[in-house]
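Student: sequence below, structure please.
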Amino acid sequence: MRQLRFLFTRSARDERGVAIVEFGLTLPVLMILILMGMELTNYVIANHRVRQIAALTADNASRVRTQMSEAYVNQLFVGARKSGDALDFEKNGRIILSSVQNNAAGTGQWIRWQRCFGQLPVSSKFGAEDKGRSDGSLPTVDGLTAQAGSAVMMAEVTYDYQPLFPTSIFGGNRIAHKVAFIVRQRNDFSIAGSGAARC
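Tutor: Next up, the predicted model:
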């Protein structure tokens with residue numbers, strides 16, 4: 001009995017291995033926090049890139065001083081594809097570039113032309129090409145209205161987020177941004193040539 005008590009007292013004071021036990025208990029929590037941090041960082045970066053693709057597309061389209069061409073639209077989409085390579089954007093995203101201007105009747109705005117890039121099957125939230133031509137049913141674009149003799153270039157970019165881990169809380173999230181810029185120093189708002197993908 002005395003020997004048993006001695007062994008029990010000795011083992012109660014023995015602190016070897018405590019650090020290993022504590023490490024084993026905290027490791028799963030630590031790993032979950034690290035993985036969640038990685039996923040959150042990846043989501044924030046993807047969101048930023050999608051917003052950047054929308055801004056670059058609309059801004060560059062609004063800077064064209066001569067008549068817009070299908071070839072130039074294709075170049076814009078090549079730039080967008082390269083910007084989104086890390087996201088596999090062409091497969092999981094879509095850009096809808098619309099040229100919005102006053103309709104001939106002067107009753108509102110209409111989408112004069114619209115071009116798309118990417119395989120994600122989504123439609124414009126503002127409508128298809130030619131919407132508003134006669135009835136002015138097109139809403140304002142983030143408060144921007146095309147003035148007489150001008151136009152607004154609008155880029156709607158949608159991306160299905162691809163999580164790092166299959167069980168991510170961000171899995172299945174769709175990121176969408178729209179950006180509009182007023183066209184500078186251009187009088188002809190039609191589009192020339194052929195080749196860019198219509199929506």
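
Student: okay, CA-based contacts and neighbour counts for the rest of this
Tutor: Noted.

Student: pLDDT weak spots in this protein?
Tutor: For the chain, applying pLDDT under 70 flags the ranges 1-18, 136, 139-142, 195-196.

Student: can you give me the helices for it?
Tutor: 2-13, 18-62, 70-83, 89-92 (DSSP state H).

Student: find the centremost residue of this protein, please.
Tutor: For the chain, Val50 is the residue whose C-alpha lies nearest the centre (C-alpha atoms, centre = their mean; 2.8 Å).

Student: ok, it to Phe77 distance?
Tutor: From Val50 across to Phe77, the span is 13 Å (C-alpha to C-alpha, to the nearest Å).

Student: Glu39 too?
Tutor: 28 Å.

Student: what about Gln147, neighbour count?
Tutor: Look at Gln147: counted by other C-alpha atoms under 10 Å, it has 14 neighbours.

Student: is it in contact with Gly106, as I believe?
Tutor: No. Using C-alpha atoms under 8 Å, Gln147 is not in contact with Gly106; the gap is 10.2 Å.

Student: check the helices of the chain for me and report the most buried one.
Tutor: Among the helices of the chain, helix 89-92 has the highest mean neighbour count (mean count of other C-alpha atoms under 10 Å), at a mean of 20.

Student: output it as CSV - backbone C-alpha positions only.
Tutor: Output in CSV follows, covering the C-alpha atoms of helix 89-92 (Å, rounded to 0.1, in the frame of the first residue of the first chain):
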residue,chain,number,x,y,z
PHE,A,89,-11.7,33.6,-64.6
GLU,A,90,-12.5,32.6,-68.2
LYS,A,91,-14.0,29.4,-67.0
ASN,A,92,-15.6,30.6,-63.7
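
Student: which neighbouring elements make contact with that helix?
Tutor: Applying 3 or more C-alpha pairs under 8 Å, 6 or more residues apart in numbering; DSSP states H and E, one finds that helix 89-92 makes contact with strand 151-160.
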